[in-house]
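Colleague: Fold the stuff below for me.
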Amino acid sequence: MTPDEFREAGHLLIDWIADFRTSIEERPVLAQVVPGEVRAGFPSGPPERLATVDELIAQLDTVVLPGVTQVQHPMHFGWFPANASLASVLGDLVSTGIGSLGITWQSSPALTEVEEVVCEWMRELCGLSPAWRGVIQDTASTACLVAMLCARERASDFSQNRGGLQGEEHPLVVYASPQCHSSVPKAVLLAGFGIDNLRHVDVDPVTYALDPSALRAAMAADAAAGRRPAAVILGIGTTGTTAFDPIAACVEIAQEYGAWVHVDAAMAGAAMLLPEMRHLFDGIEGADSISWNPHKWMGTALDCSMYLTRDPEHLIRVMSTNPSYLRSAADGQVTQYKDWGIQLGRRFRALKLWFHLELDGVDAIRARLRRDLDNARWFADQVASEPGWRVLAPVPLQTVCIRHEPPGLDGDALDGHTLAWLDRINSSGAAFMSGSMLDGRWMVRVSVGVESTERRHVEALWRMIRDAASVAAGETAPA
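Modeller: You can find the predicted model right below:
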């Protein structure tokens, strides 16, 4: 494809994306396909002739889009928001169009230095002190793994330079809430700690936040048994209930054992952009690392995860490799992001964050976050005031955990009722929410925060929920 052909095709595709975003509310939220249906829409073998852009757009419309669950849809209340602002989409297009290769500073000085700039902007916007340095990872899952590698090497005095964890006399232990994201045990496993050395610490039965007294007891018991507390992973805005583990109290306990504290704020970190919400992050300056995803609630397109550390030299020592073919005269004078994470080749991710901040503006982003908080509180108030309905957990941010509890239904029958009305709504394509287990029973999570979601959409969802639950209650009423 020549630049002129690209220009013509690009205009068509930009128009298609704009039309798609304009009409998204008319589409089903949940993908309306069966397994194998999308694949069957493609030839069984590689293409034998050149296609036109018009043909590909037609296939996008007829084959691909029906198989996409629309997370940009204003009636998507399921998983945490995965907003992709069109301003950041432009930055992502520029990143791919430039085709820069981020290996070292020398391979792309602009990639490195723009990333330094936007990471510093984000640190300042979040109200964090200049002690923090940032890097853009792909996701919070990768960031958590990087944090666990750093924790492992600090606790073992750089066992990687000897026999690794296999050569250590005392097992290293990691602590987290049972409410933690699934990426936490995965990171603990990949970092070599072993599942037997992951402790799920008790939580407060009302807030579902990690209980500091339980953390202290667990760490003391491991230390007395000859094990070494190595890391504490704090969930800030946990996936199930958006609980906030108490950072200040847990940091104080962890520091008694020299344990690394990683703050996993994948979705909730966007709340740091709001000065009035920063009390939820009290004590964060005592943590060792933080991760949060601008590609969630804030709205920078995937993949864009902030990883901040107070000790970049330790990170570099853990992650650095320095083969001769990557050395340059700039070493020692510049940031080499190849030593700040797992990847060697890196995309120019900073461009989409830069475009997002510059074209949408911080004030507009903050206004949208405040709108979502207000809509979530409104929804929670409606649920709490309706007979037979319960809000099951505190609502510190934008996710509301609910259950309909008709008289006479409990146990497995209540679970069946919950899943029935949830499935009725989800399968219709009119809206999408996610079910989750809480205290051994099914509930429904209503996560407010899609960029296009307004109050009218939340109101429509509440009407839809009550209607669906009423129908389901008639079907599941005890005999």
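
Colleague: Touching, residue 223 and residue 229? I think so.
Modeller: Yes - taking C-beta atoms under 8 Å as the definition, residue 223 is a contact partner of residue 229 at 6.2 Å. In this view, the C-beta of every residue, glycine as well, is placed from N, C-alpha and C.

Colleague: When the two are compared, which one has more neighbours?
Modeller: residue 229 (25 against 15; other C-beta atoms under 10 Å).

Colleague: check contacts around that one.
Modeller: Residue 229 makes contacts with 155, 173, 175, 219, 222-223, 254, 257-259, as judged by C-beta atoms under 8 Å, 6 or more residues apart in numbering.

Colleague: Find residues that contact each of residue 223 and residue 229.
Modeller: Taking C-beta under 8 Å, 6+ apart as the criterion, residue 223 and residue 229 both touch residue 257.

Colleague: How about residue 180, nearest residue that isn't a chain neighbour?
Modeller: Spatial nearest neighbour of residue 180, chain neighbours left out: residue 235 (5.1 Å); criterion: C-beta to C-beta, 6 or more residues apart in numbering.

Colleague: Name every strand pairing with the host helix or strand of that neighbour and say which way it goes.
Modeller: Secondary structure assignment for residue 235, by DSSP states H and E: strand 228-235. Partners of strand 228-235 in the sheet, by DSSP bridges, are strand 172-176 (parallel), strand 260-264 (parallel).

Colleague: Helices along the stretch 201-350 of the chain, start to end?
Modeller: Secondary structure of the stretch 201-350 of the chain (DSSP state H, counting those that start in this stretch): helices at 212-224, 247-256, 312-319, 350-355.

Colleague: mind checking how far residue 146 is from residue 83?
Modeller: Here the criterion is C-beta to C-beta, to the nearest Å. By it, residue 146 lies 24 Å from residue 83.

Colleague: Just list the residues touching residue 58, thanks.
Modeller: Listed by C-beta under 8 Å, 6+ apart, residue 58 has no contact partners.

Colleague: so how far is residue 463 from it?
Modeller: Distance, residue 58 to residue 463, using C-beta to C-beta: 36 Å.

Colleague: Check residue 238 too.
Modeller: From residue 238 over to residue 463 the distance is 29 Å, taken as C-beta to C-beta.

Colleague: More neighbours: which of the two?
Modeller: More neighbours surround residue 238 than the other of residue 238 and residue 463, with 27 against 9 (other C-beta under 10 Å).

Colleague: Am I right that the more buried one is in contact with residue 181?
Modeller: Yes - Residue 238 lies in contact with residue 181 (C-beta under 8 Å); the separation is 7.3 Å.

Colleague: what are the ranges of the strands in the stretch 1-150 of the chain?
Modeller: 133-137 (DSSP state E, counting those that start in this stretch).

Colleague: and the strand holding residue 235 with helix 247-256, angle?
Modeller: Put simply, strand 228-235 runs at 170 degrees to helix 247-256, going by axes from the mean of the first three to the mean of the last three C-alpha atoms, to 10 degrees.

Colleague: Mind naming the longest helix for the protein?
Modeller: Ranked by residue count under DSSP state H, the longest helix found in the chain is helix 362-385.

Colleague: So which residues make contact with that helix?
Modeller: With C-beta under 8 Å, 6+ apart as the criterion, helix 362-385 contacts 125, 270-271, 273-274, 297-299, 356-357, 389-391, 395, 397-400, 402, 446, 448-449, 451, 453-455, 458, 461-462.

Colleague: ditto for stretch 26-46
Modeller: Applying C-beta under 8 Å, 6+ apart, the contact partners of stretch 26-46 are 59, 62-70, 73, 75-76, 426-432.

Colleague: For it, buried residues please.
Modeller: Using 16 or more other C-beta atoms under 10 Å as the test for burial, stretch 26-46 gives 27-31, 33, 38.

Colleague: State the pair within these that is farthest apart.
Modeller: Spatial extent of those (C-beta to C-beta) is set by the pair 29 and 38 at 17.0 Å.

Colleague: where does the stretch 351-479 of the chain dip in pLDDT?
Modeller: For the stretch 351-479 of the chain, the stretches with pLDDT under 70 are 475-479.

Colleague: For it, just list every one of the strands.
Modeller: Remark: strands assigned in the stretch 351-479 of the chain by DSSP E, counting those that start in this stretch are 389-391, 399-404, 434-438, 441-447.

Colleague: Pick the most buried one from those strands.
Modeller: Greatest average neighbour count among the strands of the stretch 351-479 of the chain goes to strand 399-404 (a mean of 24), per mean count of other C-beta atoms under 10 Å.

Colleague: Give me the contacts around that one.
Modeller: By C-beta under 8 Å, 6+ apart, the surrounding residues in contact with strand 399-404 are 80, 240-242, 376, 379-380, 383, 388-393, 414, 417-418, 421, 436, 438, 441-448, 465, 469, 473.

Colleague: which ones are touching residue 147?
Modeller: Contacts of residue 147 by C-beta under 8 Å, 6+ apart are 187, 231, 233, 260, 262, 288-289, 291, 307.

Colleague: And the residues you listed, which is closest to residue 111?
Modeller: Nearest member of the contacts of residue 147 to residue 111, counting by C-beta to C-beta, is residue 307, at 16.5 Å.

Colleague: how much space between the spatially closest residue to residue 111 that is not a sequence neighbour and residue 307?
Modeller: Excluding the flanking residues, the one nearest residue 111 by C-beta to C-beta, 6+ apart is residue 102, at 4.3 Å. Residue 102 sits 15 Å away from residue 307, going by C-beta to C-beta.

Colleague: cool, and residue 416?
Modeller: Distance, residue 416 to residue 307, by C-beta to C-beta: 42 Å.

Colleague: So those two - more neighbours on which side?
Modeller: The neighbour comparison of residue 416 against residue 307 (other C-beta under 10 Å) goes to residue 307, with 24 against 14.

Colleague: okay, and for the chain, where does confidence drop off?
Modeller: The chain contains residues with pLDDT under 70 at 323-329, 475-479.

Colleague: how does it look with 50?
Modeller: Applying pLDDT under 50 to the chain flags residues 479.

Colleague: domain ranges for it?
Modeller: 3-68, 93-360, 362-476 (automatic domain parsing).

Colleague: hey, which of these is tucked in deepest?
Modeller: Of the domains of the chain, domain 93-360 is the most buried (mean count of other C-beta under 10 Å), at a mean of 20.

Colleague: end-to-end on it?
Modeller: End-to-end distance for domain 93-360, by C-alpha to C-alpha, to the nearest Å: 16 Å.

Colleague: For residue 465, see how far away residue 394 is.
Modeller: Distance of residue 394 to residue 465, computed by C-beta to C-beta: 20 Å.

Colleague: give the contact list for the spatially closest residue to residue 406 that is not a sequence neighbour.
Modeller: Once flanking residues are discounted, residue 406 sits nearest to residue 473: 4.6 Å by C-beta to C-beta, 6+ apart. By C-beta under 8 Å, 6+ apart, the residues touching residue 473 are 404, 406, 409, 417, 421.

Colleague: ok, the last one touching residue 469?
Modeller: So that's residue 421. Yes - with contact defined as C-beta under 8 Å, residue 421 counts as touching residue 469 (4.4 Å).
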